[in-house]
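Chemist: Let's see this in three dimensions:
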Amino acid sequence: MNQSRIVNWGIVSTGAIADKFCTDMPHVKNAKVTAVAARKREDAVAFAHKHNIEKAYQGYQTLFDDPSVDVIYVATPHNFHFQHVYAALMANKHVLCEKPITISSDEFTTLAALAKQKNLFLMEAMWTYFLPAVSQAKQWIEQGRIGSIKHIKADFGYSVPYEPNGRMYNPNLAGGCLFDMGIYPLAIAQYFNPGELKDVLIKTHFAPHNVEDDLVILATCNDITLSLATSFQCRLQNAALIIGDKGYIKIPNFWRAKSCALYQLDEKIEAFNDNSIGWGLHHEAQQVSAAIIDNQKEHTIMPHSVSLLLQQQIETITSLF
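Modeler: Numbers count the residues shown, from 1 in each chain. Sure thing, here's the model as predicted:
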């Protein structure tokens, strides 16, 4: 790998997650944000000024066509992901796209095939997988510290005021808590126990316009019981518990985890605290930049197969609505 190479990033959208991503980018050693694009030029210019970005574009295609940009970070609402990722790949750009990367397994299959055809890197931005606290929890499991996993419990929810035309509640914008927040509990369960969901049961509440705003999922995967939940109605515990026959691991705020703890019965026997600065998105950006420098087309931590499986799991759940 060429350690001296710097990967030039272009940012699509100037929303909250793009802002956090760019706030963390100065902590990435092998990358630099060189351009940003928004629908309105004034938004792109303001964002570029805030984050010291050289170029600000009105319209995304202009960014895709910039020959100095190596990789595009797509941070638009998820119902636009397919068209923006497709356009970026067609412009011969590597892509990191926010989760969920698409809203159907067919869409993702199309994007993955295009990336392979054009010999480009493509990854869903499952930043949780790259957090040191989550990696530490997996290491404890691989060391046999909790024995055989029996249960995985995870939930993620915040109170979101009902706004029928807003992104989160509008069915025409792929609204609903499953796509927006539920992807995290599904992803953390997949991280510690990859496989297909079986024996799926759900309890769902729907807001007006028939969009789910509270969802509980019970399922099995590899004979491990999954208890997952997501909600727009209330703040849930937002924790993950990985429970084995010899102990368990608790990850508070697992989606943005800064810590984890290892328990045997009621006794905490070990703890990990991530004292790194920033939101934590730089861990993912560092790894993606390194993969691109190393000429990889998928990342081993978040390969295409995992993104496809998550899309298929969402489709299994929504088929029960």
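
Chemist: residue contacts, the spatially most central residue of the chain?
Modeler: A centroid search over the chain (Cα atoms, centre = their mean) returns M126, at 2.8 Å, as the residue closest to the centre. Residues in contact with M126 (Cβ atoms under 8 Å, 6 or more residues apart in numbering) are K99, A187, E284, M302, V306. The way it works is simple: take the backbone N, C-alpha and C, and place the C-beta from them, glycine included.

Chemist: State the pLDDT value of it.
Modeler: You'll see M126 listed with a pLDDT of 98.

Chemist: for S104, same thing?
Modeler: pLDDT recorded at S104 is 97.

Chemist: which residues touch it?
Modeler: Going by Cβ under 8 Å, 6+ apart, S104 touches Q311, E315.

Chemist: how about it, phi and psi?
Modeler: Main-chain dihedrals, S104, degrees, to the nearest 10: phi -160, psi 150.

Chemist: State the pair within the contacts of M126 that is farthest apart.
Modeler: Greatest spacing in the contacts of M126, by Cβ to Cβ: E284 and V306 (14.0 Å).

Chemist: neighbour count winner among these two?
Modeler: E284 (24 against 20; other Cβ atoms under 10 Å).

Chemist: Report the distance from the helix or strand containing Y263 to the chain centre.
Modeler: Assigned by DSSP states H and E, Y263 falls within strand 259-264. Taking Cα atoms, centre = their mean, to the nearest Å, one finds the center of strand 259-264 at 23 Å from the center of the full chain.

Chemist: What residues of the next helix or strand after it count as buried?
Modeler: Sequence order places strand 267-273 as the next helix or strand after strand 259-264, per DSSP H and E. Neighbour counts over strand 267-273 (16 or more other Cβ atoms under 10 Å) mark F272 as buried.

Chemist: Equivalent analysis for stretch 153-162, please.
Modeler: So for stretch 153-162, counting by 16+ other Cβ under 10 Å, buried means K153, A154, D155, F156, G157, V160.

Chemist: any idea how far the residue lying closest to the last one once chain neighbours are set aside is from G182?
Modeler: Once its chain neighbours are removed from consideration, V160 has its nearest residue in F232; the separation is 4.0 Å (Cβ to Cβ, 6 or more residues apart in numbering). From F232 over to G182 the distance is 10 Å, taken as Cβ to Cβ, to the nearest Å.

Chemist: a markdown table for the buried residues of stretch 153-162, including pLDDT, secondary structure and distance to T204?
Modeler: As requested, those are exported to a markdown table (pLDDT from 0 to 100; DSSP: H, G, I helix; E, B strand; the rest coil; distance: Cβ to Cβ, whole Å):
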| residue | pLDDT | secondary structure | distance to T204 |
| --- | --- | --- | --- |
| K153 | 98 | strand | 18 |
| A154 | 98 | strand | 17 |
| D155 | 98 | strand | 14 |
| F156 | 98 | strand | 16 |
| G157 | 98 | strand | 13 |
| V160 | 97 | coil | 16 |
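
Chemist: quick one: which of the residues you listed is nearest N172?
Modeler: Proximity of the buried residues of stretch 153-162 to N172 was ranked by Cβ to Cβ; the top entry is V160 with 17.2 Å.

Chemist: Run through the residues that contact that closest one.
Modeler: Counting by Cβ under 8 Å, 6+ apart, V160 makes contact with M168, Y169, C177, D213, F232.

Chemist: can you check D274 too?
Modeler: Counting by Cβ under 8 Å, 6+ apart, D274 has contacts L131, P132, A133, A257, K258, S259, G280.

Chemist: can you do 10 Å?
Modeler: Shown in contact with D274 (Cβ atoms under 10 Å, 6 or more residues apart in numbering): L131, P132, A133, V134, S135, Q136, A257, K258, S259, C260, G280, H283.

Chemist: OK, contacts around H282?
Modeler: Contact analysis of H282 by Cβ under 10 Å, 6+ apart lists F21, T23, D24, M25, P26, H27, V28, K29, A31, W127, F130, S276.
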